[in-house]
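When you get a sec, could you give me coordinates for this:
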Amino acid sequence: VCDKADFSLDEVQAAEARVFVLYQAREVPQEFGLNETVGRFADDAAAKKFVARIEDRIDSCAKDNLGAKIDQTATIDTAQTSGHVWRVGLKVSKGKRAYYRVGLIRRGADVAQVTFTPAGEYDVSEKVFQGVTTQAGTRLQYTGLPN
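Numbers count the residues shown, from 1 in each chain. This is a model prediction of the structure:
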């Protein structure tokens with residue numbers, strides 16, 4: 001909702017998406033899973049511009065959407081990657097919010113967006129999600145997307 005990341009834009013040269021689910025885990029709801037979208041841009045500058053635009057949207061979401069709240073945020077900065085993670089809450093009724101986690105990470109001209117929707121009591125900590133997003137950034141070197 002807040003990020004509005006569109007990996008089908010002309011500026012994205014190639015993209016792919018994956019969904020990771022725990023299909024054998026009986027104790028978690030079916031909606032418990034992780035989505036990852038990866039895009040390749042023409043160059044580092046185009047990827048940086050895309051990431052900056054999405055980061056601005058997320059950071060201003062609570063101002064633009066009165067029902068939205070960003071209550072956790074962290075920066076990822078490694079030798080090869082940079083990015084951010086957020087926890088976004090959306091008001092669904094009086095006193096209730098639905099939360100999701102989103103991470104955006106860039107390695108050169110490649111960008112990964114990771115989205116996780118907790119299901120009830122089943123969630124991961126900010127630190128764990130930051131690690132998952134960092135791993136997505138590491139995997140960018142192996143995307144296999146065409147240039």
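
CA atoms for contacts and neighbours, from now on please.
Will do.

Pull the CA coordinates from the longest helix along the chain and hand them back as CSV.
Assignment by DSSP state H gives helix 44-59 as the longest helix of the chain. Output of helix 44-59 as CSV, limited to C-alpha atoms (Å, rounded to 0.1, in the frame of the first residue of the first chain):
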residue,chain,number,x,y,z
ASP,A,44,23.2,1.8,-10.9
ALA,A,45,21.9,5.4,-11.2
ALA,A,46,18.5,4.1,-12.5
ALA,A,47,18.3,1.6,-9.6
LYS,A,48,19.2,4.2,-7.0
LYS,A,49,16.5,6.6,-8.4
PHE,A,50,13.9,3.8,-8.2
VAL,A,51,14.9,2.9,-4.6
ALA,A,52,14.9,6.6,-3.5
ARG,A,53,11.3,7.1,-5.0
ILE,A,54,10.0,4.0,-3.1
GLU,A,55,11.8,5.0,0.1
ASP,A,56,10.2,8.5,-0.1
ARG,A,57,6.7,6.9,-0.6
ILE,A,58,7.1,4.7,2.4
ASP,A,59,8.6,7.4,4.6
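
For the helix or strand just after it, buried residues please.
Next along the chain after helix 44-59, taking DSSP states H and E as the criterion, comes helix 61-64. If you call a residue buried by 16 or more other Cα atoms under 10 Å, then helix 61-64 has these buried ones: 61, 62.

I'd like the average pLDDT over stretch 8-23.
For stretch 8-23, mean pLDDT is 87.

which outside residues touch it?
Contact with stretch 8-23 is made by 7, 30, 32-42, 46, 145-147, as judged by Cα atoms under 8 Å, 6 or more residues apart in numbering.

One more pass at 7 Å, please.
Stretch 8-23 is contacted by residues 7, 32-42, 145-146 when judged by Cα atoms under 7 Å, 6 or more residues apart in numbering.

so how far is it from its chain's centroid?
Stretch 8-23 sits 11 Å away from the centroid of its parent chain (Cα atoms, centre = their mean, to the nearest Å).

Could you list the buried residues of that stretch?
12, 13, 14, 15.

got TSV for the residues you listed, with distance to residue 107 and secondary structure too?
Converted to TSV, those look like this (distance: Cα to Cα, whole Å; DSSP: H, G, I helix; E, B strand; the rest coil):
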residue	distance to residue 107	secondary structure
12	14	strand
13	15	strand
14	15	strand
15	14	strand
